[in-house]
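Peer 1: Sequence unavailable; structure follows:
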């Protein structure tokens, strides 16, 4: 028996062979995509099939299509076939509404600001309204006396509708439709997509043998009405390839082909479908489409377009599909997983959906403007993905075609304006809010380590408190170096230095700090009562040759800051918001956790470095940096107190500080140790008082008894830090706890023109939020999957259909409004939506239902007669046939060549080969995604789902085959 798919060859090792093989396969794939035109697909009426075994879903001429998010302000009905002429009564939604929407709604629709003559033609009341002078807009049964119809047929230029200056003209057959509709009683229908979902009865058909499930009955009824005959089932080689590509995005293996072709059991096809749906590759393939809607990318998008760490969200989507997560849960966790009671790590990761939007870190950007931009993006993504509405068209004015007001747009925006996310992404990979994503093993280990640290806190902190309380009340301070304190860390870890003078001193080769190695700086400073001059307190800095090193400063506003500059001229400066108490001793502690900093992964410096003032963590007021920080801060200059370098001097007069008890540790101290350092006040070397002596003696005795537990705590702290350093970060949503969601209506969408303040809410044309529920993102999430909401189930099942059949039942999946194309099979869509809800939102159930239908299993051959009647296969009298997606073309080439590495599911994004200069051409000079460095080894051959996606320069192998750019929400691929 001839095998349809050859056994994959062993992986070649020669680079020229690899590149040549890939090039040939890509060219072959492209040729396969382009080679079939309608003329080549013709057969005489029901003649022998044309190579049905070549059905690869990659052989259809491109169809006319619109942009993924075309504005509803512009009519955008794609060209489509009219499968059968309408017979009998005229339907308003099917025949009349589309013409009104294209030609009349702009002036006589929902937008009150552009409405002419105060006449609405988008409502039943408006259609039947009485005009001035007693004229009736439409008189059911009497077109000749209906003012609406008279305006269509008049020859007077100042009376005819549409007016000449609109440059719109009705065709004679359209005018005839209006006349006949009025004559038949002008029956009104609310817009189909806003009507409640009701499961229709499954129709009876003549060819009942072709019905495998209810889908086929709805399809066959229209096929039979058109006079066509459905195709026979495709051969088994074709079916196994078709199902494999549609479920997993990869061809079947030779073994899988033979297993199905040679299986004589009556349920062989169903078993094959079940195997493919259970394959982890199913989730990888399905995730691509959802990530298009989520506008997933591995970079921020605007300005620097730096790397962002959000790939754990991509893996969450993949796992959700593989686990067959119910769609209602899939929805709630993405919209508001962080707000669920005791939200799990997974539920927080899911909220990455609304952190995928493009963001900026540009210095001159205005926060209010970008908060507005982000909210608009999130409304657009949410309402497109779940509701199929072009709601962003109501951001500047009421929607021109759909019953969506500008106020309702900003009520929706309010749901997303009550989060803690800053306006500026800081060009960091982990712009807050973000979390570390621990493996189950690491989570278990952390749970065992944390009690050890807590026990050490309980043991040591009371001793510190007692010791501090026993000090002289007069603050007659003392000076001592607690050997016990220093012995909490090994001699190799600690390089303790005591400074007991306020004058400038050069101390030689001390305190050589390193990036990637933890350190802790502890010191007491007597802040000046007056003075506004910034002072350098100490540091190791070379300002002459390399401008490299580090320094700690007292800023002019009495806050503490630290500057680090590497030999690569990268610099970072962080400053705490807490100000020192003037004229008093203040304890300052600066800690760095030692997270390794590389050019490819920029850490969140706000969490890598911390400042504590008087035993309280000082919130950082900003981290300034010019680039990534991955070089060395080591310098040959000596360590200097009172300046940054031996030859530098502090500028200004009138600001003097006393610096004392400076200690530098080449380690990250745990909280008890930090507390201990903050409890010992500096002095002018006065004699210790008796209470202090007793306290010290008691402390020495007690500290020895708990040394083993402190050593265990130190080990636990170090291990926790190792785990955290090795753990990926992902961006998440976080709700503010001190405010309610609200927004201002922006005049013409201008962030600088805020108007009425409005609370969060949903469009009035749809069911309301659950009564009594707190109005926030969680309420919105539940509302989106409320069975009474007529849109989400219809929109989602339509996209499932689109993925498998190449075209949706509604061919504009992004627009279920008046400007969208009406459904080709409205009753089938409602049946699928009802089935989806009744199945408890079971996604794999819906995919299987479609895959098991006879409609899906048909051969793709076409006759002359079928081409004339249904060139775009809207009636589905033949099987689905469309070109492969960009990622599938590449993955198929890797698969057939034997190169693909598809064993691992999930993981860091990878960088396979791409032409040189693609990134550099669009990058800022200091962007960390300016230079593209291809990976090596198996990373070059991972599935395309894992390819690093730079938003301003998507992977060329994807862009060339029309993959969405991910700049905005997209819910269909061009096919």
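Peer 2: Structure's in. What do you need? These numbers were taken from a predicted model, which means no experiment stands behind them.

Peer 1: separation between residue 768 and residue 711?
Peer 2: Between residue 768 and residue 711 the computed distance is 61 Å (Cβ to Cβ, to the nearest Å). Bear in mind the C-beta positions are built from the backbone N, C-alpha and C, glycine included.

Peer 1: Oops, could you answer that again for residue 841 instead?
Peer 2: 53 Å.

Peer 1: ditto for residue 112
Peer 2: Counting by Cβ to Cβ, the gap from residue 112 to residue 711 is 74 Å.

Peer 1: Distance check, residue 178 against residue 865.
Peer 2: Taken as Cβ to Cβ, the span from residue 178 to residue 865 is 32 Å.

Peer 1: out of these two, which sits in the more crowded spot?
Peer 2: Taking other Cβ atoms under 10 Å, residue 178 and residue 865 do not tie; residue 178 has more neighbours (23 against 14).

Peer 1: Wait, a helix at residue 950?
Peer 2: No. Applying DSSP: H, G, I helix; E, B strand; the rest coil, one finds residue 950 to be coil, outside a helix.

Peer 1: now the closest residue to it other than its chain neighbours, which residues is it bridged with?
Peer 2: Once flanking residues are discounted, residue 950 sits nearest to residue 299: 4.9 Å by Cβ to Cβ, 6 or more residues apart in numbering. Note on residue 299: beta-bridge partners residue 307, judged by DSSP bridges.

Peer 1: so residue 299 sits right up against residue 955, yeah?
Peer 2: No. Proximity of residue 299 to residue 955 does not meet the contact threshold set by Cβ atoms under 8 Å, at 12.0 Å.

Peer 1: Have a look at the two and say which one is more surrounded.
Peer 2: More neighbours surround residue 299 than the other of residue 299 and residue 955, with 26 against 20 (other Cβ under 10 Å).

Peer 1: quick one, what contacts that one?
Peer 2: Residue 299 is in contact with 305, 306, 307, 308, 929, 949, 950, 951, 952, counting by Cβ atoms under 8 Å, 6 or more residues apart in numbering.

Peer 1: Give me the common contacts of residue 299 and residue 955.
Peer 2: Taking Cβ under 8 Å, 6+ apart as the criterion, residue 299 and residue 955 both touch residue 949.

Peer 1: what ranges do the strands span in the stretch 251-400 of the chain?
Peer 2: For the stretch 251-400 of the chain, no strands are identified by DSSP state E, counting those that start in this stretch.

Peer 1: where in it is pLDDT low?
Peer 2: Judged against pLDDT under 70, the stretch 251-400 of the chain has no low-scoring part.

Peer 1: which residues sit in contact with residue 780?
Peer 2: Contacts of residue 780 by Cβ under 8 Å, 6+ apart are 335, 336, 382, 415, 760, 762, 769.

Peer 1: Check which helix or strand the residue nearest to the first one when sequence neighbours are not counted maps to.
Peer 2: Closest residue in space to residue 335, ignoring its immediate chain neighbours: residue 781 at 3.7 Å, by Cβ to Cβ, 6+ apart. Of the helices and strands defined by DSSP states H and E, residue 781 is found in helix 777-784.

Peer 1: Give me the mean pLDDT for that helix.
Peer 2: Averaged across helix 777-784, the pLDDT comes to 99.

Peer 1: how much space between the closest residue to residue 95 other than its chain neighbours and residue 163?
Peer 2: Leaving aside its sequence neighbours, residue 95 sits nearest to residue 177 (Cβ to Cβ, 6+ apart; 5.6 Å). Computed with Cβ to Cβ, the distance linking residue 177 and residue 163 is 20 Å.

Peer 1: Same check on residue 238?
Peer 2: Per Cβ to Cβ, residue 238 is found 54 Å from residue 163.

Peer 1: do the same with residue 300
Peer 2: 47 Å.

Peer 1: These two - which one has more neighbours?
Peer 2: Using other Cβ under 10 Å, the more surrounded residue of residue 300 and residue 163 is residue 300, with 28 against 14.

Peer 1: show me what contacts the most centrally placed residue in the chain?
Peer 2: Centroid-nearest residue in the chain, with Cα atoms, centre = their mean: residue 356, separated by 2.6 Å. Contact analysis of residue 356 by Cβ under 8 Å, 6+ apart lists 294, 295, 296, 297, 310, 313, 381.
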